[in-house]
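**Q** sequence unknown, structure follows:
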């Protein structure tokens, strides 16, 4: 089985600031969310956890899996989508003049500019992670947990479950929300 979780809340989440690849730590609310998730999903067991190298995801994984003995491995392909010079921008979803606005309202027509990562690149790196790591782990019968980020999680979910790009943001998980994925390819 494959499960995916988004990291806990950060101070930047609280003020709707675009984080991207900025390495922002969890705040105390985010740490509590991870502890609460550990209690809520305490009946689940994972053979392995793959995690983004960014500290907000790593700390979430460590708190969530505390005492379980589950190994946590980081993989750079699980980093959050890069937003270039727009990282740190507040309320980007309400600023039509910002080029990243299109990503959140019409992902099919998003064009990355000013150092931002394209969806094509995001899909290529997360797709290689699915192919190289996830598929073999799931086929071998392991329970796998991924702890990562909003856009990265959406890219994994859309590819793994074969969901069209226009429904990209419909897959967005809340902070510390856990979702079991079902492969359309019957992996």
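**A** Perfect, I can see it now. Please read these numbers as outputs of a predicted model, since none were measured by experiment.

**Q** which helices and strands does the lengthiest helix in the chain pack with?
**A** The longest helix of the chain (DSSP state H) is helix 28-40. When contacts are defined as 3 or more CB pairs under 8 Å, 6 or more residues apart in numbering; DSSP states H and E, helix 28-40 sits against helix 55-64. (Glycine included, C-beta is placed from N, CA and C.)

**Q** Can you spell out which helices and strands pack onto the helix it packs on?
**A** Using 3+ CB pairs under 8 Å, 6+ apart, the elements in contact with helix 55-64 are strand 2-6, helix 28-40, strand 48-51, strand 72-74, strand 144-148.

**Q** buried ones in that helix?
**A** Residues of helix 55-64 classed as buried by neighbour count (16 or more other CB atoms under 10 Å): 56-64.

**Q** Which of the helices and strands packed on helix 55-64 sits closest to residue 170?
**A** strand 2-6 (14.4 Å; CB to CB).

**Q** Tell me what angle that closest one forms with strand 144-148.
**A** With axes from the mean of the first three to the mean of the last three CA atoms, to 10 degrees defining the directions, strand 2-6 sits at 20 degrees from strand 144-148.

**Q** Would you mind pulling the contact partners of whichever helix or strand comes after strand 2-6?
**A** As assigned by DSSP states H and E, the chain's next helix or strand after strand 2-6 is helix 11-14. Contact with helix 11-14 is made by 18-19, 22, 24, 27, 29-30, 88, 175, as judged by CB atoms under 8 Å, 6 or more residues apart in numbering.

**Q** Reformat the helices and strands packed on helix 55-64 into CSV and put mean neighbour count and distance to residue 102 next to each item.
**A** Output for those, formatted as CSV (neighbours: other CB atoms under 10 Å; distance: least, CB to CB, whole Å):
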stretch, mean neighbour count, distance to residue 102
strand 2-6, 23, 22
helix 28-40, 16, 28
strand 48-51, 20, 29
strand 72-74, 15, 31
strand 144-148, 27, 23
